[in-house]
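>>> would you be able to build a 3D model of this:
(3 chains)
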Amino acid sequence: MRSPKRSSAKASGRTRRGGSWLLPLLLLSPALVLLLGIVAYPIARALWLSVHRLEILRPDLSQYVGLDNYRSLLKDAVMGIALQNSGVWVAGVVLFQLFGGLIGAVILNQRFPGRAAARGLALIPWATPSVLVALMWTWMLDGNYGLLNDLLVKSGILSRFQPWLAQPGTALPAVMLADVWQGIPFFAVMLLAALQAIPEDLFEAAKIDGASAWRVFRHVTLPLLLPTILITTMLRMIWTANYMDLIMVMTGGGPGYSSLTVPLHAYYTAYKRLDFGYGSTIAIVQVAILAVAIVFYLRQLRANEGMVQ
Amino acid sequence: MMRSSGFRTLLACFVALGFVLLAGAVAPLHAQSPTVVRYWLWLDDPTEPMFDQLVKEFNATHPGIKVEYQFVPLNEYHDKLVTALAGGAGPDAGRFKDWWLGEFVKLGALEPLANSIGKWSGRGDVIDNLWETGKIAAAGPVYMMPHQFITFYMYYRKDWFAQEGLKPPTTFDDFLTAAKKLTDPAKNQYGFGLRGGGGGQDQWLAFMVAGGARLVDAQGKVIVNNADGVKVNQWYVDLFRTHKVAPPSAPTDAYAQVLGAFQSGNTAMFAHHVGSSVLVTTKLGAGSVGVVPIPAADPKKPATMATMAGNVVFAGSKQKDAAFTFVSWLSENAPMDKWSGSRQGQLPVLKSVAKLPRYTENTFFKTSLDGANYAIAWPPLPGVGYVSAQGWMANMQRALVGQIGSKDMLDEIAKALER
Amino acid sequence: MSRHPARRVLAAVKLWVPLGAWLSFVLAPYLWMFITSIKPPAELYTKGVQYWPSHPTLEGYRLLMETTPFLAYMRNSAIIAVSTCLIALTVATAAAYCFSRIPFRGKGVMLFGFLVTQLFPSVLLVLPLFLIMRSLGILNTPPALILAHSTFAVPFSTWMLTGFFNAIPRELDEAATIDGCSRLQTFRHVLLPLSAPGVAAAATYIFIYSWNEFIYALTFTADLRARTLPVGLQTFMGEFIIRWDLLTAGGVITAIPIVFFFMLVQRHLIAGLTAGAVKG
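Numbering: from 1, shown residues only, chains lettered A, B, ... in the order given. Sure thing, here's the model as predicted:
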């Protein structure tokens, strides 16, 4: 079904030979200028830094060290911990944000009085500045006078106040809770937008066939949302992998290294140890891992698209 | 005819010459724009007009210099400074912490001030031993002008102590006894608000030196992980792990949490400095709060820690003299009193100001200034920058939760200091 | 609809209960922030959690407006966010149209390349970007942040919009072409309206990202000429004084413009936009 359309599109591309690659160039040039001009240089510089050892304010003292930084990385125990934490962080946060966002999107897609206001309010976690999200959640999770502990103890679920952010086992999950809260509206909005593309008649047809709400969701909504879910999730995972604001304010990577993620490790190395060479190396290793993951992901995505069609 | 036109031409020439001379006389007045000094600082309460007034006063009394300032929150100050200096767009002068002194001198970022200080009229008024806080080597030049410093002391709940019949602690043993007596987990009440989170390295150092340990010896060699160090550090860790006189949240408690816990009546004692005295007494009332010097392991050898927030001139500045004029002015009598007396004031570094009744009659200031006699600061090693930012915190937390032992923690810190 | 009262009650419950529960989770921490902002400082740290202030006060808000340059921060944030939105959306829409509708070699690689820029933590890009802004001479001006924010917003928006454009069947393009529309007209009258939800979502994302962005705003600005809300809020946290009143009041207010922005924009998130499009 797809090929005839494709070849006709290609045919029209070919008949306008003269414009066939001028137009894309024109349309893409602003984006390319922005990216090549502004972002390519920093990336190139990061790569250059990772193979040098330098004193930040003394460029004359920088030495080329080849892959030494990368070799040190292999022996860096803290890096191993950071990688593990990053994995848990990204997978856990994105999964729950997706789940919460999906529920929100479905709810907010219905028609009801005050929907505009409800949709506006739904954005609040995403609209709140990160520093305040971190401070408020730290306060709510506090082990001495925190709201969450108070409610859990009063309702009998817990017997004592727990110092959520001070225990190696609960520190990262606690910060993840705050990030899940902050990110749910993002998925809600993206999925809500995608839900609009599903024609009403499909829902009507399913209802006429007597399908329950769950079956409609499972067999009509979900498959059609899948492409958007997959792309949004991928982008969100990339962003989450690099997001360290909440962790920095809530635990600083602690206690010890139990909530230290890779970008935070890179930051401390660069700005606190003043070792920009090694810090860049850490960042680049994460880039490489993410890049490989994305390539596999995109392959899977294309295979899925074939099946959905 | 020719004569009158020639006359007119001559007149025109004279008039033109007159204009040129006039312009020449006037021009230097316009070309003489003031030297701009860019100054960075962090301020605890930016809504307070104190600093803005000081700058206006300076600009008015020093017509050749115009100070332009930028507030940067303390949490981001160091990083933003590094980025700006590395990008060749750093300020001319800035407020500075002794934590970063070793690091920045090693980078060649700070201007040695020995000559300028030698010519400064106010140098005799500075409390003598405070010059050391701005030096890397005892015989070397001063890089940082002393401005505001603090020494650590300990707040305690006078009312609770009175109820239990306890006297304010002066020794480690008194301290532990009192802390144990005032700890009641069922009531969510603990004896000591141990600060294991960000910024807690200063409190830790205060107790370490009070216990007899030292970071470096007289020659500057790192000895923090020697037997004394390990013993005192173990004592500190045991407060949390063994005696449980600190709240369970201690490992990641930062300033907001230890202050909050004391204010809300969850802890009986916590270590801090004069900067929080107003906050603490406002909340709890002056009758409930007292201060004592940091208890010492050996009462005959008291010690506490001091940290200096000074002013530096950056080596990359093109206006070093003007910059120095401003930072030295800040350390003169009237500006010093104004700053120290404000809500974000700390201890004045000038003898003349420290004698004022405003400071000698305030028990918090007095206890702090007394402590200055035996206070020890962070050594000016380049590694202190990292240790104060992350190195101490990560390892202290690991020791507090039992992942590593006291010696391991100090070995890591020693390694970072020696780098 | 059904006339059976039981059915209607059930339908109402199926709507309002999940909505209520979901919104409660979403709003609770914000409410806590609001409550904190109306508590007088004396009620902030109490033994045992105090939920409601006994003497609520709007002093924090008053001080925020009168003693801090909060409104200047908000003005800067608004200028930068709106500009970034317009510029980044335009650039991204053009690029997305190209990726979706124009076949050319290397498309996949280029799309992937757009992603690579997002893989780097901003903390490592700060210093090189600072050097670029400095050499362009735009430090401490809104264009510096508009540019920096666009570099982050464009790749993401391009990906999102490409996906939305891809979902619109090409038969519609062809139908329009047969009717005599040029590419531009097809874009304006077919693609853009049908992808309105996607554009709305992308606009929301860009606006919020720019509004709340911190690290570039901190590094590239020096004073009120370009400083934004997140940096301004951070100045209320000092070494030993934390102005909870200003912080929480500021946090409450900062989120509000976005709520209104989205209430306007969400009108484009209406179901049934594509219904009948293929048949008609």
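>>> switch to C-alpha atoms for all contacts and neighbour counts from now on
Fine.
>>> which bits of the stretch 51-200 of chain B sit near chain C?
Counting by Cα under 8 Å from any Cα of the partner chain, the positions of the stretch 51-200 of chain B adjacent to chain C are B:70, B:71, B:72, B:73, B:74, B:75, B:80, B:83, B:84, B:86, B:87, B:89.
>>> export those residues to a markdown table and tack on neighbour count, pLDDT and secondary structure?
Compiled in a markdown table, these are given as follows (neighbours: other Cα atoms under 10 Å in any protein chain shown; pLDDT from 0 to 100; DSSP: H, G, I helix; E, B strand; the rest coil):
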| residue | neighbour count | pLDDT | secondary structure |
| --- | --- | --- | --- |
| B:70 | 16 | 95 | strand |
| B:71 | 17 | 93 | strand |
| B:72 | 25 | 94 | coil |
| B:73 | 24 | 92 | coil |
| B:74 | 19 | 93 | helix |
| B:75 | 15 | 91 | helix |
| B:80 | 22 | 96 | helix |
| B:83 | 22 | 94 | helix |
| B:84 | 18 | 95 | helix |
| B:86 | 19 | 91 | helix |
| B:87 | 19 | 89 | coil |
| B:89 | 16 | 92 | coil |
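>>> helix, strand, or coil at the one residue in the stretch 151-300 of chain A that gets nearest to chain B?
Chain B sits closest to residue A:256 of the stretch 151-300 of chain A, with a gap of 4.2 Å, by Cα to the nearest Cα. Residue A:256 carries the three-state label coil when classified by DSSP: H, G, I helix; E, B strand; the rest coil.
>>> tally of neighbours for residue C:29?
Burial of residue C:29 is recorded as 21 neighbouring residues (other Cα atoms under 10 Å in any protein chain shown).
>>> how about the helix or strand hosting it and chain B, any contact?
Secondary structure from DSSP states H and E places residue C:29 in helix C:5-37. No. Residues of helix C:5-37 are not located near chain B by Cα under 8 Å from any Cα, the shortest gap being 14.0 Å.
>>> okay, buried residues for that helix please.
For helix C:5-37, a neighbour-count test (16 or more other Cα atoms under 10 Å in any protein chain shown) marks C:15, C:19, C:22-23, C:26-27, C:29-30, C:32-37 as buried.
>>> ok, and the closest non-adjacent residue to the spatially most central residue of chain C?
Centroid-nearest residue in chain C, with Cα atoms, centre = their mean: residue C:208, separated by 2.1 Å. Nearest non-adjacent residue to residue C:208, counting by Cα to Cα, 6 or more residues apart in numbering or on different chains: residue A:127, 6.2 Å away.
>>> go ahead and confirm the one you found touches residue C:255.
Yes. Using Cα atoms under 8 Å, residue A:127 is in contact with residue C:255, at 4.9 Å.
>>> residue C:63 and chain B: what is the separation?
For residue C:63, the distance to chain B equals 9 Å [Cα to the nearest Cα, to the nearest Å].
>>> please name the nearest non-neighbouring residue to that residue.
residue C:246 (7.2 Å).
>>> which SSE is the one you found in?
For residue C:246, the host element (DSSP H and E) is helix C:244-265.
>>> okay, that helix in PDB with CA atoms only?
C-alpha atoms of helix C:244-265 as PDB (Å, rounded to 0.1, in the frame of the first residue of the first chain):
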ATOM      1  CA  TRP C 244      11.300  31.100  52.200                       C
ATOM      2  CA  ASP C 245       8.700  33.800  51.900                       C
ATOM      3  CA  LEU C 246      10.200  35.300  48.700                       C
ATOM      4  CA  LEU C 247      11.100  31.900  47.300                       C
ATOM      5  CA  THR C 248       7.700  30.200  47.700                       C
ATOM      6  CA  ALA C 249       5.800  33.300  46.700                       C
ATOM      7  CA  GLY C 250       8.000  33.600  43.600                       C
ATOM      8  CA  GLY C 251       7.600  29.900  42.800                       C
ATOM      9  CA  VAL C 252       3.800  30.200  43.100                       C
ATOM     10  CA  ILE C 253       3.700  33.200  40.700                       C
ATOM     11  CA  THR C 254       6.200  31.800  38.200                       C
ATOM     12  CA  ALA C 255       4.000  28.900  37.300                       C
ATOM     13  CA  ILE C 256       0.900  30.900  36.700                       C
ATOM     14  CA  PRO C 257       1.700  32.500  33.300                       C
ATOM     15  CA  ILE C 258       2.300  29.100  31.900                       C
ATOM     16  CA  VAL C 259      -1.000  27.800  33.100                       C
ATOM     17  CA  PHE C 260      -2.700  30.700  31.300                       C
ATOM     18  CA  PHE C 261      -0.500  30.200  28.200                       C
ATOM     19  CA  PHE C 262      -1.600  26.600  28.100                       C
ATOM     20  CA  MET C 263      -5.200  27.300  28.700                       C
ATOM     21  CA  LEU C 264      -5.100  29.400  25.500                       C
ATOM     22  CA  VAL C 265      -3.000  26.900  23.500                       C
END
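>>> give me the buried positions along stretch A:153-162.
Residues A:160, A:161, A:162 are the ones in stretch A:153-162 that count as buried (16+ other Cα under 10 Å).
>>> can you give me the end-to-end span of it?
One end of stretch A:153-162 sits 10 Å from the other (Cα to Cα, to the nearest Å).
>>> list the contacts for the residue nearest to residue C:208?
Listed by Cα atoms under 8 Å, 6 or more residues apart in numbering or on different chains, the contact partners of residue A:127 are C:208, C:212, C:254, C:255, C:256, C:258, C:259.
>>> tell me, what's the model's pLDDT at it?
Predicted confidence (pLDDT) for residue A:127: 92.
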